[in-house]
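Q: Got a sequence here, can you build the structure:
(3 chains)
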Amino acid sequence: MRLQYIKEAWLVLVLGVFFGGALAGVHYQLGDRISRNKLADTLSQVPMLVSGSADSEPAQVGGMLVYRAMDEAGQTLGWVLPAGGPGFADRLELLIGLDARAEKITGLYVLDQKETPGLGNRIVEQIWRGQFKGTQTDRAIKLVKTAPGENQVQAITGATISSQSVTDIVNRSVRDFRAAMDEANK
Amino acid sequence: MNNANGPTGLERFINGILPENPTYRQVLGMCPTLAVTAGMAPAMTMAGAVMFVLICANIMISIIRPLLKPHLRILVFTLTIAAFVTLADRFLAAYMYEMSKQLGPYVPLIIVNCIIICRCEVCASKQSVRAAAADALGQSFGFALGLASIATVREILGSGCWFGLRVLPDAWPGWVVMILPPGAFLTLGLLMGAVNWIAQARKASPA
Amino acid sequence: MDYVTSLILIAVSTALINNVVLHYFVGICPFIGVSREVGMAVGMGAAVTFVTVVAAALSWVLTYYIMAPGAPLTSWVWTLIHPGSQAVVDLSVLSYVVYIFVIAASVQLVEMYVRKFFPALYKAFGVFLPLITTNCVILFVCLEIMKHVSGATGPAFWTLDKALVYAFFAGVGFAVAILIMAGLREELDHCDVPAPLKGPGITLIIAGILALAFLGFTGVDKSLADLLR
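A: Numbering: from 1, shown residues only, chains lettered A, B, ... in the order given. Here you go, the predicted model:
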C-alpha cells in the first residue's frame, strides 16, 4: 500500500521541480531589486544622520558592521551604527550617527519598532530623537523624567520603558563601537 | 451554461461575495483578518495578494484536476499555493517594500489560509477553469469586503484615520486598544454577531 | 548562566508574552473550532506541540545547511560545479515550498510514530493530526526560525537548541490559550448567549478579553532580562 503512495507521488515531484524552476527564475529577476531595497532603507538615512555626507559605504571595525559616511573627497565625516535590542513590546532596530572620532552623537533614527501606538511608538518622532543629537559619548546618557540637563534625555510621558530601552541600546552600542575603534587603532 | 456537476461560474461568483462570504459565513481565514486590519492600506494589500494567489491557484488546480490522486491532493494544493505565495511575496518585497515590511510574516501565512485550500478542494478540483476562476474572484471580493469592514472600524476608532487620511476631528483621543490584538478580536466578534442578527432578521420576515 | 537566561527568556516570551494565538493571531481556526471541550483542547494542544517541534528541527537543519545565503552544503556543491567561484549561493526563495513539504512530512512522521508506539495516545489525539497540516502555528514557527537563521548574525542567530525551545514553547502557548478557551466555553454552555453571537461570535469576544489580559504581560521579558543579567 505504501508503494502505491510512492507511485502516486510522481505528480508532486514533477510539480515540485516545475515550481522550483519558476521560483528560481523569479529570484533571478527580482533578487537584486530586493537587496537594494533593504540596503536603501539604511543608506538613505545616512545624510540625515551625519550632516554633509555625500556617500557612504559599509565597513568592518573590530568585528562590528558599520557604515562610513564620507564627503565628496572620500574623507571620513562620521559613522552610522546599526544597533538593536529589546524594547517594551518587541525588538527595536536603530541607526546611530556619530562624528568621525566617535566623540559625539550626530543623529538617531528608528528603523523598526513595534511599540504601543500613541505611547511607546512616539520614539520615532523627530522632537524626541533630536535630544540625542550633540550628546557626548565618553559617558553614558541618562534618562530623566524632568527637564534634561547635560547628556540627559527626557522620557516620553507614559512610555518610560520604551524610552529607557532606546537609551540603553544607544549607550551599549556606542560603548562597544568606541572599544572596537580603540582596538583597531592600536 | 449549466455544469452537470455543481453551480455555474456566475453562481459561484455571486455566492462568494455575500451568501458564502469567507469571513462572516464560512468563518475561514481568520489569521490575516485579525492581523492586518489595523489599517485600510495593509488590509487592501493583503486582499490583493490573496486575490492573486486564489485566482492563480484555482486556475492551476482546475487545469491539472484529471491528474489529482485522492491521497496526495492536499499536498498538491499546498505546493501550488506555496509557489504562488512566494511569487506574491517577492513581488511585494521588490515593488512595495514598506508595505511588505508592515505585512511581515502574514504574506507567507497565506499558504495555510483555509479559504484558498477550501476553494481548491470544493470547487477547483471538481469544476472547469471558468467556474474555478469565477469562484476565486467572488470569494476574493467577499474576503476583501470582510477585511474592509473590520479595518474601517479599527482604523477610524483607533486612530481617527481612514487609509491614512484624517476623518475624525483631532479631539478624538484614539482608542489604542482597537489597534492592539484585543481590538481585533472584539471587532470581529461583534461584527459577526451583527451580520448573524441581520441574516436572522431577514429570514424571519418574508422578503 | 547567560545561555540558560536566553533560553528562559525565549520560553517565557513565546509562551506568555508574545503568545502565538493571542498576540500573533496564528492558529485561530482550530482555536475557534476545537475549543469546545477541555478533552479535545488537550488533544489538539499536544498534537500541535509534537508536530511543531519535529517540523522545527527539520526546518532548522534544512535552512541552515541548504537554504540560507552561503549555506555550507549548497556552497560546497556549487564549488564542485564552478570551482573557485566566489558567488554566494542563496536558495531562500524555495523556503516556503520546502517548509510545506517539511510540515506534511512531520505530520506523517508523528502520526506513524505515535500510532506504532503509543496507541492509547493515538486514540486521544490522532484524529487531529491530519488537520494540523494547514495549521498556521507550525508554518509561523518555521518562518520565525528562518528569520533567525537566514542572514542573521550575533545574538539574533538561533542555534538548533534555541530553535527547538522556541518551537516547544510556541506549542505550549497555543495549548495554554486553547485550554483556557475550552474551560471558559464549557462554562458558557450554562449561560444565556444571545443567538447572533452563538459559536464564533462569543468565542472571538472572549478571545478579545483574554488578549487584553495577556497584554498585561508586555514588558515582562525585558524586566526578566534585566533581573537575570
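Q: Where does the residue nearest to the spatial centre of chain B sit, in terms of helix or strand?
A: Chain B has residue B:143 as the residue nearest its centroid, 3.2 Å off, counting by Cα atoms, centre = their mean. Using DSSP states H and E, residue B:143 maps to helix B:129-159.
Q: Give the other helices and strands that that helix contacts.
A: helix B:9-17, helix B:30-35, helix B:40-63, helix B:114-119, strand B:161-162, helix B:176-179, helix B:181-204 (3 or more Cβ pairs under 8 Å, 6 or more residues apart in numbering or on different chains; DSSP states H and E). For every residue, glycine as well, the C-beta is placed using N, CA and C.
Q: ok, residue A:61 to chain C distance?
A: From residue A:61 across to chain C, the span is 15 Å (Cβ to the nearest Cβ, to the nearest Å).
Q: Could I get the contacting residues of the closest residue in space to that residue that isn't next to it in sequence?
A: The shortest distance from residue A:61 to any non-neighbouring residue, by Cβ to Cβ, 6 or more residues apart in numbering or on different chains, is to residue A:180 (5.0 Å). Contacts of residue A:180 were listed using Cβ atoms under 8 Å, 6 or more residues apart in numbering or on different chains, and they are A:61-64.
Q: In the chain, where is pLDDT below threshold?
A: Here I'm looking at chain A. A:1-5 (pLDDT under 70).
Q: not what I meant, chain B
A: For chain B, the ranges with pLDDT under 70 are B:1-6, B:206-207.
Q: how about the residues of chain A that lie near chain C?
A: Applying Cβ under 8 Å from any Cβ of the partner chain, we find that chain A lies next to chain C at A:16, A:19-20, A:23-24, A:26-27, A:31, A:84, A:86-90, A:161, A:165.
Q: was I right about the residue nearest to the centre of chain B contacting residue B:22?
A: Yes: counting by Cβ atoms under 8 Å, residue B:143 touches residue B:22, with 5.0 Å between them.
Q: Can you check which residues contact both of the two?
A: With Cβ under 8 Å, 6+ apart, residue B:143 and residue B:22 have common neighbours B:29, B:115.
Q: Adjacent strands (with direction) for the longest strand seen in chain A?
A: When chain A is parsed with DSSP state E, its longest strand is strand A:76-86. Counting by DSSP bridges, the strands paired with strand A:76-86 are strand A:64-70 (antiparallel), strand A:91-99 (antiparallel).
Q: how about the helices and strands packed on helix B:129-159 in TSV, adding mean neighbour count and distance to chain A?
A: Output for these, formatted as TSV (neighbours: other Cβ atoms under 10 Å in any protein chain shown; distance: least, Cβ to the nearest Cβ, whole Å):
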stretch	mean neighbour count	distance to chain A
helix B:9-17	20	25
helix B:30-35	26	13
helix B:40-63	22	9
helix B:114-119	24	16
strand B:161-162	16	12
helix B:176-179	18	5
helix B:181-204	18	11
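Q: Identify whichever of these lies nearest to residue C:47.
A: Of all the helices and strands packed on helix B:129-159, helix B:114-119 sits nearest to residue C:47, with 17.5 Å by Cβ to Cβ.
Q: Any residue of the closest one touching chain C?
A: Yes: contact of helix B:114-119 with chain C (Cβ under 8 Å from any Cβ) involves B:114, B:117.
Q: For chain C, give me its nearest residue in chain A.
A: Residue nearest to chain C within chain A: residue A:27 (3.9 Å; Cβ to the nearest Cβ).
Q: how near is the nearest residue to residue A:79 once chain neighbours are set aside to chain B?
A: Distance criterion Cβ to Cβ, 6+ apart; nearest residue to residue A:79, sequence neighbours excluded, is residue A:98 at 4.5 Å. Note on residue A:98: its distance to chain B, by Cβ to the nearest Cβ, is 26 Å.
Q: Around residue A:98, count how many other residues there are.
A: Using other Cβ atoms under 10 Å in any protein chain shown, residue A:98 has 25 neighbouring residues.
Q: mind listing what it touches?
A: Contacts of residue A:98 by Cβ under 8 Å, 6+ apart are A:50, A:78-81, A:104-106, A:137, A:174, A:177.
Q: mind checking how far the longest strand of chain A is from the chain centre?
A: Mean-position distance between strand A:76-86 and its chain equals 7 Å (Cα atoms, centre = their mean, to the nearest Å).
Q: do the same with stretch A:56-74
A: For stretch A:56-74 - counting by Cα atoms, centre = their mean - the centre lies 14 Å from the chain centre.
Q: Equivalent analysis for stretch C:157-168, please.
A: With Cα atoms, centre = their mean, you get 11 Å for stretch C:157-168.
Q: Is there proximity between that stretch and chain A?
A: No: counting by Cβ under 8 Å from any Cβ, chain A is not contacted by stretch C:157-168; separation bottoms out at 12.6 Å.
Q: got the buried residues for that stretch?
A: C:158, C:162-168 (16 or more other Cβ atoms under 10 Å in any protein chain shown).
Q: Ok, stretch A:71-84 next?
A: Using 16+ other Cβ under 10 Å as the test for burial, stretch A:71-84 gives A:77-84.
Q: before we move on, what about stretch A:136-145?
A: Buried residues in stretch A:136-145, counted by 16+ other Cβ under 10 Å: A:137, A:140-141, A:143.
Q: what about residue B:120, neighbour count?
A: Close neighbours of residue B:120, defined as other Cβ under 10 Å, add up to 29.
Q: Looks like it contacts residue B:58 (just checking).
A: Yes: applying Cβ under 8 Å, one finds residue B:120 in contact with residue B:58, separated by 6.6 Å.
Q: Could you pull out the helices in the chain for me?
A: Picking chain A for this. A:2-8, A:10-43, A:46-49, A:126-129, A:160-185 (DSSP state H).
Q: not what I meant, chain C
A: Using DSSP H, the helices of chain C run over C:2-12, C:28-33, C:38-62, C:72-81, C:95-117, C:119-125, C:136-149, C:160-188, C:200-215, C:220-228.
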